[in-house]
Each structure stands twice: as structure tokens, then as C-alpha cells.
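Colleague: Just the structure for this:
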Amino acid sequence: MTAAENVCYTLINVPMDSEPPSEISLKNDLEKGDVKLKTEALKKVIIMILNGEKLPGLLMTIIRFVLPLQDHTIKKLLLVFWEIVPKTTPDGRLLQEMILVCDAYRKDLQHPNEFIRGSTLRFLCKLKEAELLEPLMPAIRACLEHRHSYVRRNAVLAIYTIYRNFEHLIPDAPELIHDFLVNEKDASCKRNAFMMLIHADQDRALDYLSTCIDQVQTFGDILQLVIVELIYKVCHANPSERARFIRCIYNLLQSSSPAVKYEAAGTLVTLSSAPTAIKAAAQCYIDLIIKESDNNVKLIVLDRLIELKEHPSHERVLQDLVMDILRVLSTPDLEVRKKTLQLALDLVSSRNVEELVIVLKKEVIKTNNVTEHEDTDKYRQLLVRTLHSCSVRFPDMAANVIPVLMEFLSDNNEAAAADVLEFVREAIQRFDNLRPLIVEKMLEVFHAIKSVKIYRGALWILGEYCSTKEDIQSVMTEVRRSLGEIPIVESEIKKEAGELKPEEEVTVGPAQKLVTEMGTYATQSALSSSRPAKKEEDRPPLRGFLLDGDFFVAASLATTLTKIALRYVSLVQEKKKQNSFIAEAMLLMATILHLGKSSLPKKPITDDDVDRISLCLKVLSECSPLMNDIFNKECRQSLSHMLSAKLEEEKLSQKKESEKRNVTVQPDDPISFMQLTAKNEMSSKEDQFQLSLLAAMGNTQRKEAADPLASKLNKVTQLTGFSDPVYAEAYVHVNQYDIVLDVLVVNQTSDTLQNCTLELATLGDLKLVEKPSPLTLAPHDFANIKANVKVASTENGIIFGNIVYDVSGAASDRNCVVLSDIHIDIMDYIQPASCTDAEFRQMWAEFEWENKVTVNTNIIDLNEYLQHILKSTNMKCLTPEKALSGYCGFMAANLYARSIFGEDALANVSIEKPIHLGPDAPVTGHIRIRAKSQGMALSLGDKINLSQKKTSL
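Modeller: Okay, here's the model as predicted:
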């Protein structure tokens, strides 16, 4: 075993700037110094030995002058010293001096101070020399009867490790510990003893458990945890034992310790799939989430609940617990609430949807009364989206939900109001019976809407769905009320006549960049005229928007007025009333046009908006049947198409989910009966404890590619040439936050290479954890060196370095072989993820780093190029399949991914097929990548550049 692979028990911080002292000065301090000086000298000796110094001359000095001291600090340091000092001669025999040390430790094991006894016993756990341990065995056994629990529990650990490593020294250990366990009262000693029996003699552990199975609830939590582990292991290995222990696990669900409850619930689920067991475990998880204050714990336990839900037979049991799960919403953390709402939504059924909606409505109303907190708005949005999904899946609920939600259209938070508006738009289109109710509520809250974006949406809904004469007149009244006195220009000039200063102050602010729906930039004017604020406050909302220079809402109003005017004409037969209504609508449009052209608004009207309003005026003046059809029928049809496409997509994704979960059994699959299964076949179910241990150590077995050899060999990097004196290659194993480099070093010369050291350095957000230890390589010998590198963020990193060595017997300087660079691939940290269009646009506007990559490929099909990019970047395409289907010579798609560090990466692919260059012309265009950090944007761009071209096989 190489020095790098030796088991490490003790970590010591070393100050790097200190100069290593000489052996003579250390010897002097250890012989003649006082206790303080000896302590410092001993610390220096330990550090030097850890750094590879041998210091054999100091061994006897320490035995003579330091070992007899009774100072506790020195005794503790000596334990570390004896652990790391070489105890054998080069030929493997024990050093003579160690007999003296052994005698000193026998005395320490009989020392009256329990701290010295206990720490000596702990040290003995780390000794690997049977000759040293043999004389100490009677003293170790005697420690089992010591009055202090610290000594007894360490004695148990010492006996366990000695029994495990050298069984011949204490063959009766299990029997001895069993007797000790029966009479022991201290919880920590019982736990250590029981732990030993589990691993050394499981039958004895089971015998003990059988005798006290009814008292398990009264044990300490540390012992209960070990009992849960034993029951799991026994039942996993021998399923017939389940009936014997399952009651014990049920009882442990009532334990006072959260850790025991969590483990017991996890074990119960793996041992039994009966509905009562699943319900008890789920109830236990829910109690844990509610009672535990730590958000991380809540999230972990929620994940366990979500795992339970994934099992088709468990889902029905969990559906009855939806109301209990919703109790978790009392937690203020947004992430916990998000997961809880998602879980509740997945479990909702026609039996409990009514209760769910009542709870969510209460939660929505609560958010209205809470003092503003940054997460309150986001939580409200989550609730609105959940209610939206419930109403779409269970249309009967929509009538209860809509009146409550429509109050939020006047909310200050635009995002929550936008979600409500989207929901209302879908509901009014889908549910004909609810249209009168929605229109009525919309007219009630219309004047209170504060956001211009929501105002536009509300205008569109009113214009589209007001179908009675009364509703149309109500809309016109609301618009007049919201616009104030007309003509606007004259009334504004009158108002300001005596109040505005002769010269208007014009300030130049920074030009604001906005991102439009398509991802292109729209720049707003930097000129803004400041006016007295007091008069703006009492302006009607629509008038305020127009005077602020937002004329897009005016174009929307013009369309709405045109729709309702055309509908009014078809409803009312009197010519006089028809003309009067159309004239009023035209007057409103004309006065807005007049205002836009005047100098009163902060920003003048745009040409697009002028065109739109002019078009509406023309349509109203002519009233042609064709225009009537376009305005009143085709608009609604396009919305209907969009909603049905969206619904289809949702159904498809749900179908895929359910297909994933439903285990399909082929007609000729063998049926396995639990009672007839051989013991060795039971191991097909993985041991959960083993899996979690492997995951913690980073040794999780990933599902390798179809050809396992190919997948592992892909990660081997050659570091030196075949003709170099030292050949090296590295296997790069990426495990989430760290990278393990397993470097194979081969001595290709006929000389012995001494102090062969792998020296590494890193570039990027990588950090070398420890320096690999030097090796000695025999002629044509090879060795493996492991090096750990920590990763801090998602960006391409480079590891470079060299191998230095001395040739045995040569007088020359150290030799050096420079290694090739190892490039760490960003793809190991990036995973596909989903987000809504609104979230994508928001992030696109917020992220400051953009990398524009020009398409340079040999692929000639647009869809094939997109799939190639998705595969090589690990990103997910957010643009629906329907939008990408068909062929029109160009394509635009949004891609999204998230790294394991929680960083987001966005990309917009905009590509076209240059038809004028013939059918075999390659795809052209651009890919724009946006990320919060520069490293991620650049690394992703590099990855796309490297993998754009399709390699011919």
C-alpha cells in the first residue's frame, strides 16, 4: 500500500512558513527543556515525521526523557507520535525499543485518571502490530469493569478492532461483550457493544434484541439507531425474519429522537409495502418536516416523500394524506413550499381537490395580509399557479377559485398578477358557463389595476368576451372613467396652465435596455421631462400610462374598442345608437393620437402604435364584414389553438411520466415468489445503508454506457509519451464537487527511481486538496498515485504538472518529465432543467454575461443540428416540439440547463438554411449563451465550438 493510500486517523494543521528545525536542536529540547519546551519540540517532531522525515535518532530520546512525564498534553501528543512513527525495521521485524513503549502503555491502562485510560484505549484501536497488543490484553479486559463510562465505551471499541484485526488475541470477544451488554446501564457503552455484536456476531446481537424487544422505546437514541440498522440488515438478508421485528420498527416511529424516526420510517418502507406501513411512514415523515426547524432537513425528508410517491401502489395511500402534507406550508422557506405544492398537486384527486382548493385559497388570502417580504410575492405566484393547474384538471373548481384570484389583478406585484391574468384568460376560453362571472369580476377590479402590462391583458379579455349590450356599455364606461376628461390635450393644458414653470426641465437619464419577447433588444429613449408629481397622483390610471409615454396600451385599447364597437353594431339595430357608439370609440382613438403627437407625454408615440390606431379608425369608418370576422372570430381561434397545443403538450409529458412509473411486465417474464426465493438471490435489492455509504464516499456506481469498457477508457488521458523514461496516464473520475485523478506511473528505465513525485497545479476554479506522496519505483515497476481536486464552480478547468525523480546512485540533479494538460469537461456538471417562458425571459434580461457563437458546421438539416447541440451541451430545449415541427428554412429555439452548483445557463439558437446555396449547404446562424458568471458563458461557448461539426464515423 502506498503512503497516499494509508488510512489516515489524525489530521494536523501545519504552519507553512516555519523553518524545519534541526535534529540536534530538537534532541536538546526534548532532553533538557521544561514541559512547555518539550511539548513544542514534540509537535515539531510529529510534523516532520508526517512530512516524510525519518528521525530514527530521536526515538530513544523520547522514550527516556518524554515518556515518563505525567503531563496530559504530552501524553496526548505521544499517542499521535506512536501512531505515526515507524515501528519496524526495514526487514519488517518489531523495533526492540517498542517493548519499553508497550510497558508504558500497560501502566497507562491502569492509570487512575479516566481520560488517560480512555485516550490510550482509543489509540490502541489504531495499532496494527499484534506483538505490541498481546501483552496489553489483560489490562484492556479489566477496563471493561471500570467505574467511568468513557473508559468502558473505549474499551469496547478497542476489543472490537483487535478482534476484527487479530482474532487470535481475544477469541471470546463476542461472548465477553454480550455479557457486558446485558449488565451495562450507560447508553453510549451499550451502543458501542451492540454495534460490535452486529458486525462480529449477528446471532448474539439478535438474541440480545429478542430479550429486550419490548423495552426498545426506553433506550437512548444512539442505541435505537443501531437497532434499526440491525433490523434492516437482518430482514434484508433473511426476509422471513420481517414478521418478528416489524412491530419493533412501528414502535420506533414514536421515538422522541427525530433521527430514529427518520431511519425507522425509511426501514419500514423497505421492509413492507402494506398500505398501513406506508401510511405510518409517510405520517412520520410529515411530522418530522413540520417539527424540524432546519430547512435542509425539511427538504431531505420531503425528497423521501416524493420518492414514496413515485411508487404506483404507494401513491393512493399518500393521496389520503394530502391535507397533512399541506401543513408543511406553514414553513416560511420558499424552496420547501415549492416542493410541497408540487407534491400536493401530483397527489390531488377528485376526492380531495375541494379541500386542497380551500386550503390554497386561505393561503392566498394570508399572503395579502403579510407585511411585504421578498418571498411573499414568489409564494403568491406559486399558489396562483397551483390553483391554475387544479382548475384546469378539475373544471368544477374554477368557479370557486376565480373570484378570489381576480382580486390580485390589482396587486402591486406584476408577476403574480400576470399569472392570475393567464389563468383567467384560459378559464374564460375553456369554461363558457363562467364567462358572465369573469367579465363581471373583471369590470369590478378594472379601475384598480396598477400595472400597464396587466391593464393591456384585461382590456384584451374584456374586448374579446363582452357579448351582451350591457357589458359592452359597461366596458365603454370603464374606459371613459379610466381615461378621464377628453379631449386629453386641451384638458391637460388647462390643468397645467398656472402650475408649470415657463421652461420645462428636461433630464437625461441612462438609456434603458429592454429585451423583447423574441430575445432582441429594444432601447427606450433616455430623454424624460420631469413634472410636478402632485398632479400625477390623482390622474385616472389609463391617462397616467399615456402621459408616461406608454402608447402600446393605447394600441391595445384601440383594438378592444374596435371589437366591442363591431359587436355592438351587430347587437343593436338602431342606426342612431350604432353611429353614436362608433363615434365615441373613434373620438377616444383620435384624442389619444392627438396626445401622442403633442409634447405632453414623457415619450412620443411610436410609429407602430400610430399605424395600429389609424388602422382601427379606418376599420370602424368602413365596418366591412371581412374586418368584422378578423377582429371578432380569428383572434379567439388563435388563442384556442395555442391553449389546445399547450394542453396536448402537458398531457404528453404526464403520459411519459406515468409510463416511466408503471412497471411493464412482459407476457413471458418469470414471476418471483418471496417464499421460494433463494437467499443469495435476495441481494438483488440493494442495501440502503451500503448505498448511502458509497454515495457519501463518492463511489456510487453510475450506469455506464452500453459498452462498459468504452465508457471508462474514454476518461483515460495520456500524460507522457511512450518513449519518456516515466510513462504516465490518468483516469479522471468526476464525482460532483471533486475530481479524483488516478494516475498510473510506469518506470520504463532499468534504474531505481527514488522520490518519484507527481507535482500538480491547476488553472480555473479548481483546488488541489493534498500533495501526493513521493514513491520509490523499482526498474520497470509501476504504481498508482491518487490526487484529489476540489471544484468550486462550473467552468472549464485545466490540471497541469510534471513528474520529478532521482535516479538511484546518479550524482546528477533531479530529473523532470513534463505532463500533458488534463482538461476538465464542463459537461460533467451540467444537467438539463426546465423553466417557464416567463422565468427564461426574466433570467435572460438579468444575466450580464453573453457569449455569441457563430454556427460553423457540416450538418445540413436544422432539426438534426439542434439535436446535436442538445446532446453535446446537455441542455434541454424549452421550445415545444410543435413549434419546431414543419420546415420553413429557419428555426429559433430556447435552451436551458442548470449546473450542480445551482448556476443557470441559457441559450438561444437562431439558425437558418441558406436556400440560395443549394440543398447541400450547411446550416448557418448564431447561438447566444447567457449566464450569471463569465466562466460558465465562455466554457459553454467553447464546448459548442468544439462539438459543432458532426464527426463522420
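Colleague: show me where the stretch 401-550 of the chain has strands.
Modeller: For the stretch 401-550 of the chain, the strands defined by DSSP state E, counting those that start in this stretch occupy 506-508, 513-515, 521-523, 527-529.
Colleague: for the record, mean pLDDT for the second one?
Modeller: What it means is strand 513-515. What strand 513-515 shows for mean pLDDT is 48.
Colleague: Wait, residue 567 touches residue 465, no?
Modeller: No: using Cβ atoms under 8 Å, residue 567 is not in contact with residue 465; the gap is 10.3 Å. (Glycine included, C-beta is placed from N, CA and C.)
Colleague: Now do the shared contacts for those two.
Modeller: Shared contacts of residue 567 and residue 465 (Cβ atoms under 8 Å, 6 or more residues apart in numbering): none.
Colleague: secondary structure element for the closest residue to residue 222 other than its chain neighbours?
Modeller: Excluding its sequence neighbours, the residue lying closest to residue 222 (Cβ to Cβ, 6 or more residues apart in numbering) is residue 191, at 4.4 Å. Assigning secondary structure by DSSP states H and E places residue 191 in helix 187-200.
Colleague: Show me what that helix packs onto, helices and strands only.
Modeller: Packing partners of helix 187-200 (3 or more Cβ pairs under 8 Å, 6 or more residues apart in numbering; DSSP states H and E): helix 149-165, helix 173-183, helix 202-211, helix 221-237.
Colleague: Next, the angle from the first one to helix 187-200.
Modeller: In this case it means helix 149-165. 10 degrees (axes from the mean of the first three to the mean of the last three Cα atoms, to 10 degrees).
Colleague: In helix 149-165, which of the residues would be classed as buried?
Modeller: For helix 149-165, burial by neighbour count (16 or more other Cβ atoms under 10 Å) applies to 149-163.
Colleague: what's that helix in contact with?
Modeller: Counting by Cβ under 8 Å, 6+ apart, residues outside helix 149-165 touching it are 114-115, 117-119, 121-122, 124-125, 128, 130, 133, 137, 140-141, 143-146, 169-170, 173-174, 176-177, 180, 184, 186, 188-189, 192-193, 195-196, 199-200.
Colleague: Let me see the confidence value for residue 811.
Modeller: 67.
Colleague: just the one 5 residues further on next, same as before
Modeller: Listed pLDDT for residue 816 reads 90.
Colleague: Could you give the number of residues near it?
Modeller: A total of 11 residues lie near residue 816 under the criterion other Cβ atoms under 10 Å.
Colleague: Which of the contacts of helix 149-165 are buried, as a ChimeraX select command?
Modeller: Entered in ChimeraX, the line below selects the buried ones among the contacts of helix 149-165, by 16+ other Cβ under 10 Å:
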select :114,117,118,119,121,122,124,125,133,140,141,143,144,146,169,170,173,174,176,177,180,184,188,189,192,193,195,196,200
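Colleague: before we move on, back to that, and the helices and strands packed on helix 187-200: which comes nearest residue 842?
Modeller: Residue 842 lies closest, by Cβ to Cβ, to one member of these: helix 221-237, at 45.0 Å.
Colleague: Just list what the following helix or strand past that closest one packs against, helices and strands only.
Modeller: Under the assignment DSSP H and E, the closest C-terminal helix or strand after helix 221-237 is helix 242-252. Under the contact criterion of 3+ Cβ pairs under 8 Å, 6+ apart, helix 242-252 touches helix 221-237, helix 258-271, helix 275-291.
Colleague: returning to that earlier point: any chance of the helices and strands packed on helix 187-200 in JSON lines, plus mean pLDDT?
Modeller: Shown next, in JSON lines, are those (pLDDT from 0 to 100):
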{"stretch": "helix 149-165", "mean pLDDT": "90"}
{"stretch": "helix 173-183", "mean pLDDT": "86"}
{"stretch": "helix 202-211", "mean pLDDT": "82"}
{"stretch": "helix 221-237", "mean pLDDT": "80"}
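Colleague: Tell me which of these lies nearest to residue 735.
Modeller: With Cβ to Cβ, the closest approach to residue 735 among the helices and strands packed on helix 187-200 belongs to helix 221-237: 25.0 Å.
Colleague: Can you give me the buried ones in the closest one?
Modeller: Under 16+ other Cβ under 10 Å, the buried positions of helix 221-237 are 221-236.
Colleague: Now do the contacts for the closest residue to residue 359 other than its chain neighbours.
Modeller: With sequence-adjacent residues excluded and distances taken as Cβ to Cβ, 6+ apart, residue 359 is closest to residue 326, at 5.0 Å. The contact partners of residue 326, by Cβ under 8 Å, 6+ apart, come to 340, 344, 356, 359.
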